[in-house]
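S.K.: build me a structure from this.
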Amino acid sequence: MSKLALDIKDLEASVGAIEILKGVDLEVPFGEVHAIMGPNGSGKSTLCHVLTGRSDYTVSGEASIEGESLLDKAVDERSRMGLMQAFQYPVEVPGVGLEEFMRESGEERGWTEDEITEKISEAGERYGMDRFLERSVNDDLSGGEKKRSEIFQMAVLSPKVAVLDEIDSGLDIDAVREVAEGIEGMRGPDVGVLMITHYSRILRYVVPDRIHVMIGGRIVESGGPELSARLEDEGYDGIRESLGLEAPSEGAAEKRPADFFTETPFDV
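M.R.: Numbers count the residues shown, from 1 in each chain. Next up, the predicted model:
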């Protein structure tokens, strides 16, 4: 069996009396791209928040990166372990240049100045971010450019686990294709990628090794890329029906984590 980049066992998370994650089990080996798909409110973004250290949740269960326990670590420690998230809504960081940010992040990892320069130059050219290096992080960028910047930052910092939270949301088809090319470019033996989405369109350009369907705070179905075609045909209601799961009552939307918090794992 391939070595696991990310290993999650019986992960539960709640806010007050509201249960959001209800026992998530997931394994993402190094070298693989896994997609989690599910309707709004199914717990996808909460999974991101819990993994990256949002403190507002009551959490139980286990999660580890390359065998090292994650959930008992502070946000910065999780980053040093090799966890990195691309946000659904990347925020602007006025006054902090993108290159400056990358250089300070590289120094935190103990890289030499020459190593950092080489990584920034290579990734900047590859993802077309050279012209934005002197600009503040995400300052005056389009939606697609912000998402491309997230992929660029990951390419420079080389995480062990890359979590992509609905990185395709709000993008036109050309931007989706560009972002998908960036995700494919991340594939490698030293990283496991967890891509979260509720649209199958990005899967026309990114072929995941595994697809997992999350409904009601649980992963209820897993399979290969063919599962995307089944979702296109049957929708989430078809999955619910095949598994005997109760559908949400009419007019009653499932609780969404974003109704409680921002889309970042820490206060900004």
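S.K.: give me the neighbour count for residue 189.
M.R.: 11 (other Cβ atoms under 10 Å). (Glycine included, C-beta is placed from N, CA and C.)
S.K.: residue 203 - nearest residue in space that isn't next to it in sequence?
M.R.: residue 228 (4.6 Å; Cβ to Cβ, 6 or more residues apart in numbering).
S.K.: now do the SS call for that neighbour.
M.R.: helix (DSSP: H, G, I helix; E, B strand; the rest coil).
S.K.: list the contacts of it.
M.R.: 35, 37, 200, 203, 211 (Cβ atoms under 8 Å, 6 or more residues apart in numbering).
S.K.: need those residues in CSV with secondary structure and pLDDT, can you?
M.R.: Converted to CSV, those look like this (DSSP: H, G, I helix; E, B strand; the rest coil; pLDDT from 0 to 100):
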residue, secondary structure, pLDDT
35, strand, 95
37, strand, 93
200, coil, 79
203, helix, 87
211, strand, 96
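S.K.: what is the nearest of the residues you listed to residue 107?
M.R.: Of all the contacts of residue 228, residue 35 has the smallest distance to residue 107: 33.4 Å, by Cβ to Cβ.
S.K.: now do the helices in the stretch 151-268 of the chain.
M.R.: Under the criterion DSSP state H, counting those that start in this stretch, the stretch 151-268 of the chain contains helices at 173-186, 226-243.
S.K.: give me whichever of these is most buried.
M.R.: helix 173-186 (a mean of 18; mean count of other Cβ atoms under 10 Å).
S.K.: how about low-confidence regions in the protein?
M.R.: 1-2, 248-268 (pLDDT under 70).
S.K.: how many neighbours does the nearest residue to residue 108 once chain neighbours are set aside have?
M.R.: Once flanking residues are discounted, residue 108 sits nearest to residue 80: 7.5 Å by Cβ to Cβ, 6+ apart. The burial count assigned to residue 80 is 11, neighbours taken as other Cβ under 10 Å.
S.K.: doesn't residue 80 fall inside a helix?
M.R.: Yes - using three-state DSSP, the secondary structure at residue 80 is a helix.
S.K.: tell me the spacing between it and residue 92.
M.R.: Going from residue 80 to residue 92 by Cβ to Cβ, to the nearest Å gives 25 Å.
S.K.: now do residue 47
M.R.: Going from residue 47 to residue 92 by Cβ to Cβ gives 25 Å.
S.K.: those two: which is more packed in?
M.R.: Each of residue 47 and residue 92 has its neighbours counted (other Cβ under 10 Å); residue 47 has more, 28 against 12.
S.K.: what separates that one from residue 20, distance-wise?
M.R.: Distance from residue 47 to residue 20, counting by Cβ to Cβ: 9 Å.
S.K.: now the common contact residues for those two.
M.R.: With Cβ under 8 Å, 6+ apart, residue 47 and residue 20 have common neighbours residue 13.
S.K.: which residues does residue 183 contact?
M.R.: 33, 151, 164, 167, 193, 195, 206.
S.K.: with adjacent residues omitted, what lies nearest to the fifth one?
M.R.: Looking back up the chat, that one is residue 193. residue 33 (4.3 Å).
S.K.: my guess is residue 5 contacts residue 191. True?
M.R.: Yes - judged on Cβ atoms under 8 Å, residue 5 makes contact with residue 191 at a distance of 6.7 Å.
S.K.: what about those two, which has more around it?
M.R.: residue 5 (27 against 21).
S.K.: now residue 85, what's its secondary structure?
M.R.: What three-state DSSP gives for residue 85 is strand.
S.K.: that one - how many residues pack around it?
M.R.: 26.
S.K.: hey, what's it bridged with?
M.R.: Listed by DSSP bridges, the beta-bridge partners for residue 85 are residue 163.
S.K.: next one: residue 193
M.R.: The partner residues for residue 193, given DSSP bridges, come to residue 33, residue 162.
S.K.: how deep is it tucked in, by neighbour count?
M.R.: By the measure other Cβ under 10 Å, the count of residues near residue 193 is 28.
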